[in-house]
Structure formats: structure tokens, C-alpha cells
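Chemist: Return atomic coordinates for the entry below.
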Amino acid sequence: MRQPLRPAGTAGAVVCAALVLTSCSSGSSGSGSGGSAAGGSSADGVRYAQEQIDRYSQVPAFELEAEPFDITAVAGSTIFNIPSSSQVPYVVEVDAEGAELAERFGATWIEYDNQGSPTQWAAGVEQAVNQDVDLIILSQGVNPSLLIPSLTQAEDAGIPVLVSHAYQNDSELPDDVADLVTSTVDAPFDESGRLSADYAIADTEGQADALVITSSEVPPSDGIVAAIEDEFATHCPDCSVDVVNVPLTDWATKIAGEVQSALQSNPAINYIIPIYDSMSIYAQAGITAAGGTGRVSIATFNGTLSILKMIQDGTSVVMDSGENTTWLAWATFDAGARLITGATPAPRNAKTPLRVFTADNVDEAGTPPQSGMGFGDAFRTGYETLWGVTS
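Modeler: So this is what the prediction gives:
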């Protein structure tokens, strides 16, 4: 049964028992009653949403404030990187940039290929411990709470653990891993969800009927979904939203079917919001199978190059709240090098920004899109100044 959306804090959270290898779905939705959201009209919500999109469509500035240090001291060290999944293009892009930085500064980068299973992540940590590496990175959404025995081994071995791109900016680490994770590089996950909702609100003039695709075992997912639901509830009284959960390991086999089924059972759906943009490949297939091409649009988050290309190609993907994969890799390498060299840690909130890409500005990311483009060069100058080097 479809339930009306309520502003955050008044409605119970939608809970989906997210076993890593089990797919489930749950929905919450809102049907407009002609009332106002947060004291404003539907027109106010559309205006606000468009203002947010306009603001985040600009080239971002470099805003990190951190202590300078000698990054060349990282030479000779070994970094063991465990990605959330080697099958996700976005993750592969970020880690490839990290490997290039390691080579540039004389460090060894070991990439632990895996298919997104916590069992594989744990085996990776244990392998890193056995190799006596200098740093373990849990990269792009690995949930450390699923790896406590292995991380305890790393702690006992004196190996620092850096978690990147798993937690919302300015959030607290979970109690169960607070003593096992040395540092983190966090991200504006919740903001990405709000921007996806904002785009759908503005594009449909306050009449969005959205399907959100999540993977609730990935640490930031629940926060992103909550932010999406809150944005719709606050700024779009006539919008509706449903949520379906597809675990990371099942994206390639289940997302298309979930989307096709949802569109067939509810033809009013006009927006798909995959909370991570690599899901969009499969969401597009579901839209096509359901005959929704030209009627159903996709708004998403990450800035994966192949997904930005989908915007250029005129597919159903019309908006991507992009992160600069190069910028994120530099932020992660900066944090890791500080741990290895004993330098003053950088803030967990590394100020890695979002930029909204649409057909209006996506060509600024390159034609075809290229890593590091579309965000200016301020981050390169900023980090190299902190590191005491020049290109």
C-alpha cells in the first residue's frame, strides 16, 4: 500500500532487511492533496529546486584547509586498496587515479580485485596484513562494520586503515569501528540525493512520480534515500516516491527487471533515481524493456564517465550529480599519505564537491567525458601546494 510522504522526523523510516546477497523492495510514496510543503506552495518548491540545480551546475572551488606536508616521504611504502567492487566503473576510475598518484610519488599500489562480497573484502584485509603493507584503503563504499575480525587483525599488526567514500560528511563513525578505522575521506552523499530529487521536481514542475533504487548494505545508502524522501516531502506536495533495494552484487541481474516491473505496474512513474550512477546502465535497460523511452528520465549521482556519456548520447539519463573521480582520488591519496608519513591528518570532510551535469554543461567534461575534466584545475593546484610539489 502506498503511504503519503511526510517530512523527516514525522514518518517512520522505510526499513529493508538488507542481507548482502538478498534483494528486497519496499515503498513509500506521497500523493498530493493540494496542500503546501513546509509552509510553501508547489510553485515555491519548484522554484527552490531549480535554484539548487543552478547553484550546483557551476564549477566548484577548492576549499580544503589542511596542514602542508612533504608527500615525497611516501616513497617506498606499500598501499593495499580494497574497492567495494571491481565491477563498478566509477570505483575502477577512482582507483586507477589513485594508482597513478602512487606511481608518481614512488609508492607501490596493490589493487585487490573483487566482486563486492564482504567475504572477499575480509580476505583482502587479511592478505594485506600478511604482506605487512603500510596502509589499507577500504575504497568507495566498503562497509567496515562487516569486517571487524579482519580489521582487528590489522589493528594488532599496526597497519592504519583508511575508509574512503563510505560516510556522509560531518557524521560520526559507527561505534563498532571507531577504534578500528584510523581515518576516513567522507563525501556529500545526502546532498547528492537532494539534488536528484530537486532535478526531478524542477523538470516535472512538481509532478514527479519517482522510483529510487538503493543498495542498503552500502554505508551511505540509507542516508541518501532519507534525504531524497525528505526533499520530496518538503518541497513537492504533489510528488510520489517508491524505493526498491537491490544489493550491489545483484545490480547486473536484477535492476533492469525491478525497473521494468515497476513501470508496468505503475505507468505514472516518470523518474528513476538510481542513487549510484553505475546502476543507470541497468535502469536504462529496464526503461527500454517497459517501453518507457522518452517518457521516463533518470537522475543520479557519481559522475562516472560512461554515464556522463549517456547524457551526451540522449539516453534516459538527463542529470548526474557528478564527483570528480580525479579529485576524489587525490583527496584519498592525500589522507593516506598523511597516515603513512605521520603528517597532521586532514579533516575527514575533504570538501570534495558535487557538480550537476545535464545536457547544458556535460560537454565541459569532455567529448567524450574524461577523468578530471569539468571541475576546473583548482584542486590540482590546491593539493600540490599542500604537498610542496609542482606538476
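
Chemist: for the closest residue to residue 349 other than its chain neighbours, what are its contacts?
Modeler: Excluding the flanking residues, the one nearest residue 349 by CB to CB, 6 or more residues apart in numbering is residue 169, at 4.4 Å. All C-beta atoms are positioned from the backbone trio N, CA, C, and that covers glycine. By CB atoms under 8 Å, 6 or more residues apart in numbering, the residues touching residue 169 are 186, 187, 188, 189, 348, 349.

Chemist: Quick check: phi and psi on residue 201?
Modeler: phi -60, psi -50 (degrees, to the nearest 10).

Chemist: repeat for residue 166
Modeler: Torsion angles at residue 166 (phi, psi; degrees, to the nearest 10) stand at phi -130, psi -20.

Chemist: And for the spatially closest residue to residue 117 that is not a sequence neighbour, the neighbour number?
Modeler: Excluding the flanking residues, the one nearest residue 117 by CB to CB, 6+ apart is residue 249, at 6.4 Å. Residue 249 has 20 neighbouring residues, counting by other CB atoms under 10 Å.

Chemist: Same check on the one 10 residues further on?
Modeler: Using other CB under 10 Å as the criterion, residue 259 is surrounded by 30 other residues.

Chemist: With residue 131 instead?
Modeler: By the criterion of other CB under 10 Å, residue 131 has 11 neighbours.

Chemist: who touches it in this structure?
Modeler: Neighbour list for residue 131: 78, 80, 110 [criterion: CB under 8 Å, 6+ apart].

Chemist: Just send the residues you listed back as CSV, with distance to residue 361 too.
Modeler: Formatted as CSV, those follow (distance: CB to CB, whole Å):
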residue, distance to residue 361
78, 40
80, 37
110, 37
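
Chemist: Please indicate which of these are buried?
Modeler: Neighbour-count burial (16 or more other CB atoms under 10 Å) applied to the contacts of residue 131 gives 78, 80, 110.

Chemist: What is the nearest of these to residue 205?
Modeler: residue 80 (49.8 Å; CB to CB).

Chemist: which residues does the closest one form a beta bridge with?
Modeler: Per DSSP bridges, the residues bridged to residue 80 are residue 110, residue 136.

Chemist: Tell me who's in contact with it.
Modeler: Neighbouring residues of residue 80 by CB under 8 Å, 6+ apart: 110, 112, 124, 127, 128, 131, 133, 135, 136, 137.

Chemist: measure the last one to residue 252 for me?
Modeler: Spelled out, it's residue 137. The gap separating residue 137 from residue 252 is 25 Å, by CB to CB, to the nearest Å.

Chemist: Just want to know which of these two has more residues nearby.
Modeler: For residue 137 versus residue 252, the count of surrounding residues by other CB under 10 Å is larger for residue 137: 30 against 14.

Chemist: okay but that one is in contact with residue 84, surely?
Modeler: No: Residue 137 is beyond contact range of residue 84, at 11.2 Å (criterion: CB atoms under 8 Å).

Chemist: mind putting the buried ones among the contacts of residue 131 in CSV, distance to residue 206 and pLDDT included?
Modeler: Shown next, in CSV, are the buried ones among the contacts of residue 131 (distance: CB to CB, whole Å; pLDDT from 0 to 100):
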residue, distance to residue 206, pLDDT
78, 53, 99
80, 49, 99
110, 50, 99
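
Chemist: quick one: secondary structure of residue 273?
Modeler: Assigned by DSSP: H, G, I helix; E, B strand; the rest coil, the conformation of residue 273 is strand.

Chemist: my guess is it meets residue 194, correct?
Modeler: No: when contacts are counted by CB under 8 Å, residue 273 is not listed as touching residue 194 (11.1 Å).

Chemist: what touches both of the two?
Modeler: Residues touching both residue 273 and residue 194 by CB under 8 Å, 6+ apart: residue 228.

Chemist: Settle it for me: which of those two has more neighbours?
Modeler: Using other CB under 10 Å as the criterion, residue 273 and residue 194 rank with residue 273 on top: 30 against 23.
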